[in-house]
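Novice: Sequence below, structure please.
(one chain, ligands or ions: 2)
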Amino acid sequence: MLHTINLDCIACGACLKECPVNAIEAGTRIYTINDAHCIDCACCVPVCPTEAIVPNISPEETRLAWARALQEVEEDVEVPARVATTHGTVA
Ligand code: SF4
Ligand code: SF4
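Specialist: Ligands and ions are numbered 1, 2, ... in the order given. Here you go, the predicted structure:
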(Lines give C-alpha, C1' and ligand atoms only; values in the text may rest on other atoms or scores of the structure.)
(Ligands and ions follow the chains in the order given, each with its own letter.)
Protein backbone atom coordinates (compact mmCIF):
# COMPACT_ATOMS: atom_id res chain seq x y z
CA MET A 1 0.00 0.00 0.00
CA LEU A 2 1.77 3.11 -1.22
CA HIS A 3 0.63 6.69 -0.84
CA THR A 4 -0.96 8.91 -3.44
CA ILE A 5 -2.01 12.55 -3.75
CA ASN A 6 -5.66 13.28 -4.48
CA LEU A 7 -7.41 16.27 -6.04
CA ASP A 8 -7.49 18.15 -2.71
CA CYS A 9 -3.86 19.09 -3.39
CA ILE A 10 -3.39 22.86 -3.66
CA ALA A 11 0.17 22.52 -4.98
CA CYS A 12 1.73 24.27 -1.97
CA GLY A 13 4.90 22.19 -2.25
CA ALA A 14 5.18 21.49 1.49
CA CYS A 15 5.47 17.73 0.98
CA LEU A 16 8.32 17.95 -1.49
CA LYS A 17 11.15 18.41 1.01
CA GLU A 18 9.75 15.79 3.42
CA CYS A 19 10.25 12.86 1.08
CA PRO A 20 13.51 11.04 1.78
CA VAL A 21 13.59 9.42 -1.64
CA ASN A 22 12.40 12.32 -3.83
CA ALA A 23 9.31 10.43 -4.92
CA ILE A 24 7.11 13.54 -5.02
CA GLU A 25 6.91 15.57 -8.19
CA ALA A 26 5.21 18.83 -9.12
CA GLY A 27 2.50 18.08 -11.67
CA THR A 28 0.58 20.48 -13.89
CA ARG A 29 -2.13 21.15 -11.30
CA ILE A 30 -1.46 18.84 -8.37
CA TYR A 31 1.65 17.16 -7.05
CA THR A 32 2.11 13.46 -7.68
CA ILE A 33 3.92 10.53 -6.08
CA ASN A 34 6.03 8.24 -8.20
CA ASP A 35 5.03 4.69 -7.19
CA ALA A 36 8.36 3.32 -8.37
CA HIS A 37 10.24 5.39 -5.79
CA CYS A 38 7.82 5.74 -2.85
CA ILE A 39 8.88 3.63 0.14
CA ASP A 40 5.58 4.23 1.96
CA CYS A 41 7.18 5.94 4.96
CA ALA A 42 4.28 8.43 5.30
CA CYS A 43 6.67 11.30 6.21
CA CYS A 44 4.82 13.51 3.74
CA VAL A 45 1.35 12.94 5.21
CA PRO A 46 1.41 15.23 8.28
CA VAL A 47 2.72 18.31 6.46
CA CYS A 48 -0.10 18.44 3.93
CA PRO A 49 -2.52 21.27 4.83
CA THR A 50 -5.41 19.71 2.90
CA GLU A 51 -4.88 16.06 3.86
CA ALA A 52 -4.48 15.26 0.18
CA ILE A 53 -1.87 12.54 0.72
CA VAL A 54 -3.66 9.28 1.34
CA PRO A 55 -2.94 5.55 1.28
CA ASN A 56 -3.19 4.15 -2.22
CA ILE A 57 -4.80 0.76 -1.75
CA SER A 58 -3.99 -2.09 -4.08
CA PRO A 59 -6.41 -3.37 -6.77
CA GLU A 60 -7.16 -6.39 -4.58
CA GLU A 61 -7.93 -4.19 -1.56
CA THR A 62 -10.12 -2.01 -3.81
CA ARG A 63 -12.01 -5.11 -5.05
CA LEU A 64 -12.61 -6.30 -1.48
CA ALA A 65 -13.77 -2.83 -0.39
CA TRP A 66 -16.26 -2.69 -3.27
CA ALA A 67 -17.47 -6.22 -2.51
CA ARG A 68 -18.05 -5.31 1.14
CA ALA A 69 -19.86 -2.07 0.17
CA LEU A 70 -22.03 -3.95 -2.35
CA GLN A 71 -22.89 -6.59 0.24
CA GLU A 72 -23.94 -3.87 2.72
CA VAL A 73 -26.17 -2.22 0.09
CA GLU A 74 -27.75 -5.56 -0.86
CA GLU A 75 -28.51 -6.27 2.79
CA ASP A 76 -30.23 -2.86 3.11
CA VAL A 77 -32.23 -2.94 -0.13
CA GLU A 78 -35.25 -5.18 -0.44
CA VAL A 79 -35.21 -6.62 -3.96
CA PRO A 80 -38.75 -6.99 -5.41
CA ALA A 81 -39.76 -10.44 -6.64
CA ARG A 82 -40.55 -9.04 -10.08
CA VAL A 83 -38.61 -6.15 -11.62
CA ALA A 84 -40.03 -4.07 -14.47
CA THR A 85 -37.43 -3.08 -17.07
CA THR A 86 -37.59 -1.30 -20.41
CA HIS A 87 -37.49 -4.78 -21.99
CA GLY A 88 -40.41 -6.16 -20.01
CA THR A 89 -40.88 -7.74 -16.59
CA VAL A 90 -38.20 -9.96 -15.09
CA ALA A 91 -39.20 -12.57 -12.52
S1 SF4 B 1 5.14 8.08 1.70
FE2 SF4 B 1 7.36 8.54 2.13
S3 SF4 B 1 8.42 7.83 0.31
FE4 SF4 B 1 6.27 7.95 -0.25
S5 SF4 B 1 6.02 9.99 -1.15
FE6 SF4 B 1 5.55 10.20 1.03
S7 SF4 B 1 7.49 10.80 2.02
FE8 SF4 B 1 7.98 9.99 -0.03
S1 SF4 C 1 1.60 19.24 0.89
FE2 SF4 C 1 -0.43 18.54 0.17
S3 SF4 C 1 -1.33 20.34 -0.85
FE4 SF4 C 1 0.88 20.74 -0.64
S5 SF4 C 1 1.76 20.01 -2.60
FE6 SF4 C 1 1.90 18.31 -1.15
S7 SF4 C 1 0.01 17.13 -1.51
FE8 SF4 C 1 -0.30 19.13 -2.43
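
Novice: going forward, measure contacts and count neighbours with C-alpha atoms only.
Specialist: Noted.

Novice: Residue 67 belongs to a helix?
Specialist: Yes - looking at residue 67 with DSSP: H, G, I helix; E, B strand; the rest coil, it is inside a helix.

Novice: So which bits of this protein are right by ligand 2?
Specialist: On the criterion C-alpha under 6 Å from any ligand atom, ligand 2 has as its neighbours in the chain the residues 5, 9-15, 31, 47-50, 52-53.

Novice: now those: which count as buried?
Specialist: Burial of the residues of the chain next to ligand 2 was assessed by neighbour count (16 or more other C-alpha atoms under 10 Å); the buried members are 5, 9, 11, 13, 15, 31, 48, 52-53.

Novice: So what sits opposite the residue sitting nearest the centre point of the chain in the bridge?
Specialist: For the chain, the residue whose C-alpha lies nearest the mean C-alpha position (C-alpha atoms, centre = their mean) is residue 56; its distance is 5.6 Å. When bridges are taken as DSSP bridges, the partners of residue 56 come out as residue 2.

Novice: Go ahead and confirm it touches residue 6.
Specialist: No - counting by C-alpha atoms under 8 Å, no contact exists between residue 56 and residue 6, whose distance comes to 9.7 Å.

Novice: Run through the residues of the chain next to ligand 2 and flag the ones next to ligand 1.
Specialist: With C-alpha under 6 Å from any ligand atom as the criterion, those include none near ligand 1.
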